[in-house]
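# Fold the following and give me the result.
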Amino acid sequence: MLSILDRYFLRELGQTMAATAIVLVTVLAGSSFAHVLQQVANGSFPASVMFQVLGLNMLDGLSNLLPLSGYVGALWAMGRMYRESEMHVLASSGMGARGLLRPVAMLAVVIALAVGLVSLWLGPWASRSSAALIDAANRSVIAAGLDAGRFTELPGKDGVIFVDTLSRDGSQLGKTFIATERKGSDGVSRLRLITGASGQLYQESDGNGRFLGLKDGWQYELPLGTDNWRRIRYERNDASLSNVQGDSDSNPIHGVATRVLARTESNEARAELAWRIGSPVMALVLMMLSLPLAKQNPREARYGRLLLAVLAFFLYQNLMALCNGQISKGHWQSSIPMWVVSTLAFAIGAWLFRNQYQPRRVRAARTPQVSA
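Residues are numbered from 1 along each chain as shown. Predicted structure coming up:
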């Protein structure tokens, strides 16, 4: 049964954490949208699946956003209570460390469970779904924006294409016309016109090169400014489209399911599994650190402790990332150093919090000596 004080703390902390999470999600959406736009501009996937990929990327990023939102939200809410002397009044009324620790621990467990759900299941699922969606879009001319009866710009802005008919699934093209202009090694721009009775879009086995296979048509090469034109009759012509530019920041092991990852014997798999398991632990550690770092005096600067808390967060996260990088490179064979860092950070936060509520030693009164 929750007391009135527990419900008050849960309401104040929960509302502030939710507001912080909304702000951080907005920031994450902006950065993710810029990254997705860059991928679309590079030709990694068509713009028709941009918002689906954006949503999946944001879902994957919740494993890093939720611990930070809980940490900053707890700091902000408890800092306000300290500045407005609410915590001092509650402490003078007999509220000890347990009165503050219980509601924070309840919220910490909820956040850790949510982070564990995202890092162990939803995040990898979102990464796999995004990769499958991009692969399907690159294989479909419909998803690439091609529509029957109108001119469409080729991916990468290499030219235009026109088809008179298109199958429902986008696998088969009718009569096709392609016009591209490229500059050769001699500096002369060449206009290439290709016609075909039918066509089909396909990719290479590695998923990078994209080609449009045309059948029964003509190909014209027209060097601009000269009269040495060429005309070729073909039965099969594979016209290269812009290659798929892979994402340099992508990590293939990140999309592997956790149960499969646990059976994989590689340095990258061990590092990824250690990070997924360590993410909920990081949420608990950060909530423990927020308790002592949120304490402020009414006359203290509002953002002084917050800046110190942010520096502590980056120090802790960078140490965890450093340990994870050593595991990924094969220098360390286990995740014990990551657990040592988390345990040490949790112990420091618990020790600081305990000292805040430890009764001060009463000094003995000195009796003045009266000279005779």
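# just for the stretch 1-150 of the chain, where's the confidence low?
Applying pLDDT under 70 to the stretch 1-150 of the chain flags the ranges 1, 41-46, 94, 96-97, 138-146.
# swap the cut-off to 80 and go again
For the stretch 1-150 of the chain, the stretches with pLDDT under 80 are 1-3, 39-49, 85-99, 134-148.
# what's the answer for the stretch 201-350 of the chain, then?
For the stretch 201-350 of the chain, the stretches with pLDDT under 80 are 201-212, 225-228, 239-252, 296-306.
# pretty sure Arg102 is in contact with Asp6, am I right?
Yes: between Arg102 and Asp6 there is a contact at 6.2 Å, judged by Cβ atoms under 8 Å. (Each C-beta comes from the backbone N, C-alpha and C, glycine too.)
# Where does Phe211 sit, in terms of helix or strand?
Taking DSSP states H and E as the criterion, Phe211 maps to strand 210-223.
# Show me what counts as buried in that strand.
Neighbour-count burial for strand 210-223 flags Arg210, Phe211, Leu212, Leu214, Gly217, Gln219, Leu222 (criterion: 16 or more other Cβ atoms under 10 Å).
# all helices for this protein, in order.
Secondary structure of the chain, counting by DSSP state H: helices at 4-42, 50-60, 62-83, 86-92, 97-117, 123-139, 258-262, 267-293, 304-328, 336-357.
# Centroid-nearest residue for the protein?
Nearest to the geometric centre of the chain sits Gly61, at 3.1 Å (Cα atoms, centre = their mean).
# For it, what are phi and psi?
phi -80, psi 0 (degrees, to the nearest 10).
# who are the neighbours in contact with it?
Leu28, Ser32 (Cβ atoms under 8 Å, 6 or more residues apart in numbering).
# Touching, Trp121 and Thr258? I think so.
Yes: applying Cβ under 8 Å, one finds Trp121 in contact with Thr258, separated by 6.8 Å.
# Look at Ile4 and say how many residues are nearby.
Counted with other Cβ atoms under 10 Å, the neighbours of Ile4 add up to 7.
# State the distance from it to Gln38.
Using Cβ to Cβ, to the nearest Å, Ile4 is found at 51 Å from Gln38.
# same thing with Asn237?
Distance from Asn237 to Gln38, by Cβ to Cβ: 32 Å.
# more crowded one of these two?
Neighbour totals were compared for Asn237 and Gln38, and Asn237 leads with 21 against 12 (other Cβ under 10 Å).
# Please name the residues that touch the more buried one.
Contact analysis of Asn237 by Cβ under 8 Å, 6+ apart lists Ile194, Gly196, Gly213, Leu214, Lys215, Gly217, Gln219.
# Can I get those in CSV including distance to Ser290?
Output for these, formatted as CSV (distance: Cβ to Cβ, whole Å):
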residue, distance to Ser290
Ile194, 63
Gly196, 65
Gly213, 59
Leu214, 63
Lys215, 66
Gly217, 68
Gln219, 67
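# and of those, the nearest to Leu319?
Closest approach between the contacts of Asn237 and Leu319, by Cβ to Cβ: Gly213, at 52.9 Å.
# For burial, what's the neighbour tally of Ser129?
For Ser129, the count of nearby residues is 17 (other Cβ under 10 Å).
# what residues are up against it?
Counting by Cβ under 8 Å, 6+ apart, Ser129 has contacts Leu56.
# Use 542 as the first number for this chain going forward.
With 542 as the first residue, the last one maps to Ser670.
# Asp705 and Gln867, how far apart?
59 Å.
# Between these two, which is the more surrounded one?
More neighbours surround Gln867 than the other of Asp705 and Gln867, with 16 against 11 (other Cβ under 10 Å).
# hang on, that one packs against Met879?
No: with contact defined as Cβ under 8 Å, Gln867 does not reach Met879; the gap is 9.5 Å.
# Farthest pair within the buried residues of strand 751-764?
Farthest-apart pair in these is Arg751 and Leu763; separation 24.0 Å (Cβ to Cβ).
# what's the burial count for the closest residue to Val613 other than its chain neighbours?
Excluding the flanking residues, the one nearest Val613 by Cβ to Cβ, 6 or more residues apart in numbering is Thr561, at 5.0 Å. Thr561 has 21 neighbours, counted by other Cβ under 10 Å.
# likewise Ser869?
The tally of other residues near Ser869 (other Cβ under 10 Å) stands at 20.
# ok now do the residue nearest to it when sequence neighbours are not counted, which residues does it touch?
With sequence-adjacent residues excluded and distances taken as Cβ to Cβ, 6+ apart, Ser869 is closest to Ala812, at 3.7 Å. Shown in contact with Ala812 (Cβ under 8 Å, 6+ apart): Asn865, Gly866, Ile868, Ser869.
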